[in-house]
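A.B. asks: Return a 3D structure for these sequence lines:
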Amino acid sequence: MPPFYYKHPREEALKKYYSMIFEQVKIPINLYHIPFASGVPISHELLHSLEKYPNLAGIKDSVDDAEVYHRFVSEFPKLNMRTGTDVNLKYALDHGMGAILAEGNNFTKQIASVFAAKRAGKDIDEPIAKLHAATKLLRAGGVDEYGPMKYALSLQMGTRQFYQRPPNSECD
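C.D. replies: Purely as a prediction, here's the structure:
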């Protein structure tokens, strides 16, 4: 990801930037699509330009928009298009993709149940529904989920609440 202070770089500049990395790094590389935080979306055009590199493994897409994720999966079936949100988890698993979920910090058992059911060839609708019900608790009240997520994690770990970096708010 380009440094945080470079917002909205030109497509050609991104291609050059990523190409320099792919030409030097020989291990598998996964790109992180989190435009709401980075200000730099990974476009399909950019991803197509990087397909020539054998070490392009895939991306982690942390956008909650199902349409955006579905387009990545359908257009790049050879790449592991991991979802970063529980919203797209069922679709990802049904299409042979993976997931790296922040919710895993708090809901490890619920997420493990989803993967166990999938590996066992069972229907995953029920464990997904339980995961969604649990994550809904973190989003209750319309506040950002990072404060409640970190607070819940501190309770699980038996420690005091983690400091919230601004602009995230503390849990009272």
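
A.B. asks: what's the helix or strand of the chain with the lowest mean pLDDT packed up against?
C.D. replies: The element with the least model confidence among the helices and strands of the chain, by mean pLDDT, DSSP states H and E, is helix 146-157, at a mean of 76. Helices and strands in packing contact with helix 146-157 are listed as helix 125-138; criterion 3 or more C-beta pairs under 8 Å, 6 or more residues apart in numbering; DSSP states H and E. In short, each C-beta sits where N, CA and C put it, glycine included.

A.B. asks: Specify the angle between the least confident helix or strand of the chain and helix 125-138 in degrees.
C.D. replies: Counting by axes from the mean of the first three to the mean of the last three C-alpha atoms, to 10 degrees, helix 146-157 points 110 degrees away from the direction of helix 125-138.

A.B. asks: where do the strands sit along the protein?
C.D. replies: If DSSP state E is used as the criterion, the strands of the chain fall at 29-33, 56-61, 80-83.

A.B. asks: Please work out which of those is packed deepest.
C.D. replies: For the strands of the chain, ranked by mean neighbour count under the definition mean count of other C-beta atoms under 10 Å, the leader is strand 80-83 at a mean of 24.

A.B. asks: ok, and what's touching stretch 35-50?
C.D. replies: 1-2, 4, 6-9, 11, 14-15, 18-19, 22, 31-33, 56, 59, 62-63, 71-72, 75-76, 79 (C-beta atoms under 8 Å, 6 or more residues apart in numbering).
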